[in-house]
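Student: sequence plus the predicted model coming up.
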Number of protein chains: 2
Amino acid sequence: MFLDIVKKRRSVRKYQDRPVEKEKIDLCLEAARLAPSACNAQPWKFIVFEKLEAKEQLCRAAFSGIYKNSAFAGKAPVIIVALNTKGKRLPSLAGRFQGKHYPLIDLGIAGEHLVLQATELGLGTCWVGWFNGRGVSELLGLSRHENPVALIPIGYPADTRGRSASRKVLEEIAVWGWGSGG
Amino acid sequence: MFLDIVKKRRSVRKYQDRPVEKEKIDLCLEAARLAPSACNAQPWKFIVFEKLEAKEQLCRAAFSGIYKNSAFAGKAPVIIVALNTKGKRLPSLAGRFQGKHYPLIDLGIAGEHLVLQATELGLGTCWVGWFNGRGVSELLGLSRHENPVALIPIGYPADTRGRSASRKVLEEIAVWGWGSGG
């Protein structure tokens, strides 16, 4: 059941040293690849970090100084850097016209496909948005058309207790039956 | 399997007249409610339109003029307006500092939970970003702290053929094993 996966997912911040099978990461990437996006622009790219030295370089670039609260991500066996890429112009222009930036919505969708697929496979993840984006861009040599939006560490959870963050009650976030007409 | 749901999901633009059970919409909203968000801000609200007159009002506000390409959504038995709400300041400020707008990512995540839950239940959906946001805001009497980001029509698909949009190949969107270190 989909809702079981949703309920199982939580933000995991401690990981086992146990390596993550490449086939599982491939499945996560495949789930992201199939995500919908405005005008099917697919404005995303996922860079997989798994080698120790590469991860260390990433962490120095991403989690120094004011970003050190996110350094837990560096302990994960795999870290994925999720980039927004500049694709087709239409959604980008349309979004600017409307004051919405579709590529961010799209990246949220694709990244969550990845996260939910990982959850089903027994893997822990965490959306990390608080990191030095400029530092990561310089490390990866990104162009100005590529923007690192989130880091997603992946690994087997070390903290098995299911602490879930609380949520607003449904009545607070949903309004049923707007309008009085029949 | 999660990937089966992902593969089953497609953008449905024709719906049966058959009403959608309230319990199913509730499940979709519940899946959205449990979504993760930056600092757990949950910057979202979902307004459910199902009454005929209310839907007609929404469609006049949302799909007039240059937005008429999205008018197919008005034929769905249910339309959900997904709003970004201004919640805690931290993610908003942090995002501005970094040039990212987290609430849009968060809405992508929560909205896709809703969409995938609908898919599992046999319902068709479509992310609609191209609509008159100001018109919808005026109709709903939204404050400047509430921003209609997407409309999501929901209904049983009338076009049963599984036309899926093509996707970039995995090699184009994923880079494996960045760096040369061990």
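Tutor: Good, I have the coordinates.
Student: show me what the lengthiest strand in chain A is packed up against.
Tutor: Identified as the longest strand of chain A according to DSSP state E is strand A:146-155. Applying 3 or more C-beta pairs under 8 Å, 6 or more residues apart in numbering or on different chains; DSSP states H and E, one finds that strand A:146-155 contacts strand A:78-85, helix A:102-120, strand A:124-125, helix A:133-140. In this view, the C-beta of every residue, glycine as well, is placed from N, C-alpha and C.
Student: could you export the ones you listed as CSV, including mean pLDDT and mean neighbour count?
Tutor: As requested, those are exported to CSV (pLDDT from 0 to 100; neighbours: other C-beta atoms under 10 Å in any protein chain shown):
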stretch, mean pLDDT, mean neighbour count
strand A:78-85, 97, 23
helix A:102-120, 97, 26
strand A:124-125, 98, 26
helix A:133-140, 97, 18
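Student: of these, which is nearest chain B?
Tutor: helix A:102-120 (2.5 Å; C-beta to the nearest C-beta).
Student: residue A:60 is in contact with residue A:53, correct?
Tutor: No - look at residue A:53 against residue A:60 with C-beta atoms under 8 Å: they stay out of range, at 10.8 Å.
Student: so residue A:160 sits in a helix?
Tutor: No - according to DSSP: H, G, I helix; E, B strand; the rest coil, residue A:160 belongs to no helix; its state is coil.
Student: what's the burial count for it?
Tutor: 10 (other C-beta atoms under 10 Å in any protein chain shown).
Student: equivalent analysis for residue A:42, please.
Tutor: Residue A:42: 25 neighbours (other C-beta under 10 Å).
Student: what of the one 5 residues further on?
Tutor: Taking other C-beta under 10 Å as the criterion, the count of residues near residue A:47 is 23.
Student: for it, helix, strand, or coil?
Tutor: Residue A:47 - assigned by three-state DSSP - is strand.
Student: contacting residues for it?
Tutor: Residues in contact with residue A:47 (C-beta atoms under 8 Å, 6 or more residues apart in numbering or on different chains) are A:80-81, A:83, A:140, B:174-175, B:178.
Student: by mean pLDDT, which helix or strand of chain A comes out lowest?
Tutor: Least confident helix or strand of chain A, by mean pLDDT, DSSP states H and E, is helix A:89-98 with a mean of 62.
Student: just give me the residue closest to the centre of chain A.
Tutor: residue A:111 (4.1 Å; C-alpha atoms, centre = their mean).
Student: on that earlier part again, possible to save the helices and strands packed on strand A:146-155 as JSON lines with distance to chain B?
Tutor: Listed next are those as JSON lines, based on distance: least, C-beta to the nearest C-beta, whole Å:
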{"stretch": "strand A:78-85", "distance to chain B": "8"}
{"stretch": "helix A:102-120", "distance to chain B": "3"}
{"stretch": "strand A:124-125", "distance to chain B": "9"}
{"stretch": "helix A:133-140", "distance to chain B": "5"}
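Student: make a markdown table from these and add distance to residue B:165 to it.
Tutor: Converted to a markdown table, the helices and strands packed on strand A:146-155 look like this (distance: least, C-beta to C-beta, whole Å):
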| stretch | distance to residue B:165 |
| --- | --- |
| strand A:78-85 | 17 |
| helix A:102-120 | 13 |
| strand A:124-125 | 26 |
| helix A:133-140 | 28 |
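Student: ok so, going back, spatially, which two of the contacts of residue A:47 are the most separated?
Tutor: A:140 and B:174 (13.9 Å; C-beta to C-beta).
Student: please report how far residue A:21 lies from residue B:10.
Tutor: According to C-beta to C-beta, to the nearest Å, residue A:21 stands 29 Å off from residue B:10.
Student: those two: who's more crowded?
Tutor: Set residue A:21 next to residue B:10 and count neighbours by other C-beta under 10 Å: residue B:10 wins out with 19 against 11.
Student: return the distance of the more buried one relative to chain A.
Tutor: Per C-beta to the nearest C-beta, to the nearest Å, residue B:10 is found 8 Å from chain A.
Student: test my guess that that residue contacts residue B:165.
Tutor: Yes - counting by C-beta under 8 Å, residue B:10 does reach residue B:165; the two are 7.4 Å apart.
Student: still on that earlier bit, show the contacting residues for the residue nearest to the centre of chain A.
Tutor: A:32, A:44, A:82, A:127, A:150, A:152, B:105, B:109.
Student: any chance of those residues in CSV with distance to residue A:17 as columns?
Tutor: Formatted as CSV, the contacts of residue A:111 follow (distance: C-beta to C-beta, whole Å):
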residue, distance to residue A:17
A:32, 25
A:44, 29
A:82, 24
A:127, 22
A:150, 24
A:152, 19
B:105, 30
B:109, 29
